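[1] could you look at this predicted model? Sequence included:
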Amino acid sequence: MKVLSQVENRNGQKVLTVDGKPFIMLAGEVHNSNSSSVAYMEGVYDQADALGMNCLLLPMTWELVEPEEGVFDFSLMDGLIMQARARGKKLAFLWFGAWKNAKCYYAPAWVKTDTERFRRAQIQRGRSHQPAVSGTDAFEGEVVCLRVKRIKMRKKRMNLLWNC
């Protein structure tokens, strides 16, 4: 299988390549929740065009990919990829799984509400913190599901860069 993007060693230097050619990312990272809506992203692409960007860094959250345990929905990711292709942009997805900024903001509701399976860390006697999910089967499942999606998207030859 042809690799679409990778970091190569060329003349002793690390070089990001896309389709075998050097690629310089003129990229902007969108706000955490901007990429939760294809419609909202239209205005973001207009700004990226005005700034001469060729790539956007988009958060993709576990809660949007697996809203119910074991039920995966990639329709948002698919829509964002198709939108980027139509606008001539590359994407790099930033995976917000169980943790971001030391908080569990982007875990699915089924993780956040199940305090038996996903225990809270105690920050003060009697006060709990975010779900402690980093070593659970659920977290491992989210990583696997995104890698499977990565393979499927590469087979479809999408304009996509990955950060994992």
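    The structure has been received and is ready for your questions. Residues are numbered from 1 along each chain as shown.

[2] for residue 79, which non-adjacent residue is spatially closest?
    Nearest residue to residue 79 in three dimensions, chain neighbours excluded: residue 38, at 4.2 Å (Cβ to Cβ, 6 or more residues apart in numbering). Heads up, the C-betas are built off the backbone N, CA and C, glycines and all.

[3] wait, residue 55 touches residue 91, no?
    Yes - using Cβ atoms under 8 Å, residue 55 is in contact with residue 91, at 6.9 Å.

[4] shaky segments in this protein?
    Within the chain, the segments meeting pLDDT under 70 span 1-3, 97-104, 120-164.

[5] let's go with 90 and repeat that
    1-7, 18-20, 31-36, 59-65, 92-164 (pLDDT under 90).

[6] mind listing the helices for it?
    Assigned by DSSP state H, the helices in the chain fall at 38-50, 62-65, 75-87, 109-112, 137-155.

[7] okay, buried residues for the fourth one please.
    This points to helix 109-112. Residues 110, 111, 112 are the ones in helix 109-112 that count as buried (16 or more other Cβ atoms under 10 Å).

[8] can I get the residues you listed in CSV including distance to residue 118?
    Below are the buried residues of helix 109-112 laid out as CSV (distance: Cβ to Cβ, whole Å):
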residue, distance to residue 118
110, 9
111, 5
112, 8
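
[9] dump the C-alpha coordinates for stretch 110-118 into CSV.
    C-alpha atoms of stretch 110-118 as CSV (Å, rounded to 0.1, in the frame of the first residue of the first chain):
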residue,chain,number,x,y,z
TRP,A,110,-21.2,6.7,28.7
VAL,A,111,-17.6,6.9,30.2
LYS,A,112,-18.3,10.1,32.2
THR,A,113,-21.5,8.8,33.8
ASP,A,114,-20.2,5.3,34.7
THR,A,115,-18.4,5.9,37.9
GLU,A,116,-18.1,2.2,38.7
ARG,A,117,-16.2,1.2,35.6
PHE,A,118,-14.4,4.6,35.2
